[in-house]
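Visitor: Quick one, fold the following:
(one chain, ligands or ions: 1)
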Amino acid sequence: MAGGSDRLCDKSKEVNEGMQGSGGIYRPGKFRWKRRRLKRLARNMLTIVLLAIAGLAITWRIRIRPPHLPGGAARQAAITQDPPGIIFHASMTPSRAGGKPIDAAWIERIHAEDHPAWATTFEGKVYHIGYHYVILPDGTVQKGRPDRCIGCHAPHFNTWLGICLIGCFDPAIGHHWKPSRPTVAQIAALISLCERLMSQYHIPPERILRHWDTKKTWCPGRRFPYRAIMARLRQYGAAHPETSLRAQPAVIGNYPAEAATAGEGR
Ligand SMILES: [Zn+2]
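Guide: Sure thing, here's the model as predicted:
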């Protein structure tokens, strides 16, 4: 250990070395050289470990979360046939939050944050909002997912169209939130939207349900006037034979029976 004796040198030598560099009177011993080599080795090891972690992360993203689809949006929409029915929902929220209206864009953002797995790609676009339509308290109808894109609003009924009214229509949830029952404008908009969809997709009134008809939930709420709405839609169905065409085998023959009856096994 040549450096051993050097290490016994007095402080002035170290100061000298510091001033004169490695070429000075005091030469750094093996210890210093070894320390530098160890440092380099540690740096290299760290680089290798970091590269390995980066490699694993990239592989994970490619395999589990395609990088172009946020939040694990690997769910691809396969629905191309006419939606078999309609499910009514309520947002179970007030009409505004943080000074801004709660609308389709707000739900899109919230579903993206809270339910990343609901994201669905349809014709190149990613949808986070689970519903196909949103109806605001003033009667404005907003689009969520395209009609032929599978929804994410009711398990076993996601091929059906999901319509969400903004408001909180059940006494069990947020009883101070407004609107506490659907507004006149909302109901009028809902009825005319349903009539259009019934004719377009041959949906009979029997295929128009509340969320709670499909699972244990209060959605769309006990103050949602389902009976009154259905009375109007039954009248419409009776006057418009195209709404019951779905029952004819000749009409439903061109899309998969499995999709046409999806969600019926309640
Ligand atoms: Zn619902």
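Visitor: Show me which residues of the stretch 101-250 of the chain are close to the ion?
Guide: For the stretch 101-250 of the chain, the contact set with the ion under Cβ under 5 Å from the ion comprises 211, 219. Glycine gets a C-beta too; all of them are placed from N, C-alpha and C.
Visitor: Roughly how far does the spatially closest residue to His128 that is not a sequence neighbour sit from Cys149?
Guide: Closest residue to His128 apart from its sequence neighbours, by Cβ to Cβ, 6 or more residues apart in numbering: Ala112 at 3.8 Å. In this view, Ala112 and Cys149 are 16 Å apart by Cβ to Cβ, to the nearest Å.
Visitor: Name the residue in those two with the higher neighbour count.
Guide: Cys149 (23 against 18; other Cβ atoms under 10 Å).
Visitor: do you know how far the more buried one is from Asp213?
Guide: 22 Å.
Visitor: still on that earlier bit, so the residue nearest to His128 lies in a helix, does it not?
Guide: Yes. Counting by DSSP: H, G, I helix; E, B strand; the rest coil, Ala112 is part of a helix.
Visitor: Could you verify my assumption that it touches Gly130?
Guide: No. Taking Cβ atoms under 8 Å as the definition, Ala112 is not a contact partner of Gly130, at 10.8 Å.
Visitor: Doesn't Leu209 lie inside a strand?
Guide: Yes. Membership of Leu209 in a strand is supported by three-state DSSP.
Visitor: For Arg223, see how far away the closest residue to it other than its chain neighbours is.
Guide: Once flanking residues are discounted, Leu209 sits nearest to Ile87: 5.6 Å by Cβ to Cβ, 6+ apart. Distance from Ile87 to Arg223, counting by Cβ to Cβ: 18 Å.
Visitor: out of the two, which sits in the busier spot?
Guide: Taking neighbours as other Cβ under 10 Å, Ile87 and Arg223 compare with Ile87 leading, 28 against 15.
Visitor: Report the beta-bridge partners for the more buried one.
Guide: Beta bridges link Ile87 to Gly162, Leu209, judged by DSSP bridges.
Visitor: residue contacts, it?
Guide: Neighbour list for Ile87: 153-154, 157, 160-163, 209-211, 214 [criterion: Cβ atoms under 8 Å, 6 or more residues apart in numbering].
Visitor: Among those residues, which one lies nearest to Gly99?
Guide: Taking Cβ to Cβ as the measure, Gly99 sits nearest to Ile163 out of the contacts of Ile87, at 26.1 Å.
Visitor: Go ahead and confirm that closest one touches Ile135.
Guide: Yes. Counting by Cβ under 8 Å, Ile163 touches Ile135, with 6.7 Å between them.
Visitor: what about the two, which has more around it?
Guide: Using other Cβ under 10 Å, the more surrounded residue of Ile163 and Ile135 is Ile135, with 29 against 25.
Visitor: Ramachandran coordinates for that one?
Guide: phi -120, psi 120 (degrees, to the nearest 10).
Visitor: Just confirm it contacts Leu190, I think it does.
Guide: Yes. If you go by Cβ under 8 Å, Ile135 and Leu190 touch, sitting 5.7 Å apart.
Visitor: Apart from its neighbours in sequence, what residue is nearest Glu195?
Guide: Tyr236 is the one closest to Glu195 (Cβ to Cβ, 6+ apart), at 5.0 Å.
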